[in-house]
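> sequence unknown, structure follows:
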C-alpha cells in the first residue's frame with residue numbers, strides 16, 4: 001500500500017509592486033522555505049500578515065505549498 005511522506009513545505013507571499021502599462025496589477029512573489037507542514041491556516045495567516053505589515057508593498061495573497069512523496 002502506498003503512502004505519502006512529507007517532503008517539505010513553503011510559503012509564498014504575493015505583493016503588488018505597481019501597475020503594468022496595461023493597467024493590470026504588477027504582482028511579485030516571495031517564497032519562504034522550510035515551513036512546518038503541520039502549520040495551521042491561522043498560524044500561516046498570522047505570520048503572513050506580520051510580514052506583510054513591514055513590507056513596502058501591499059500583500060495580495062498568501063499560498064502554502066506542501067510537497068509529498070508517494071512511497072510504497
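On my side now, so go ahead. Small disclaimer: the values here were computed from a predicted structure and weren't measured.
> Can you list the buried residues in the helix or strand hosting residue 12?
With elements delineated by DSSP states H and E, residue 12 resides in strand 3-19, which encompasses its position. By neighbour count, with 16 or more other CB atoms under 10 Å as the criterion, the buried positions of strand 3-19 are 9, 11, 12, 13, 14, 15. The way it works is simple: take the backbone N, C-alpha and C, and place the C-beta from them, glycine included.
> now do stretch 43-59
Going by neighbour count (16+ other CB under 10 Å), the buried part of stretch 43-59 is 44, 47, 48, 51, 57, 59.
> so how far is that stretch off the chain centroid?
11 Å (CA atoms, centre = their mean, to the nearest Å).
> Give me the mean pLDDT for that stretch.
Confidence for stretch 43-59, expressed as mean pLDDT, is 96.
> and residue 53, that's in a helix?
Yes. Assessed by DSSP: H, G, I helix; E, B strand; the rest coil, residue 53 belongs to a helix.
> one step back: can you name the residues in contact with the helix or strand following the strand holding residue 12?
Helices and strands here follow DSSP H and E; after strand 3-19, the next one along the chain is strand 25-35. Surrounding strand 25-35, the residues in contact under the criterion CB atoms under 8 Å, 6 or more residues apart in numbering are 8-20, 44, 57, 60-61, 64.
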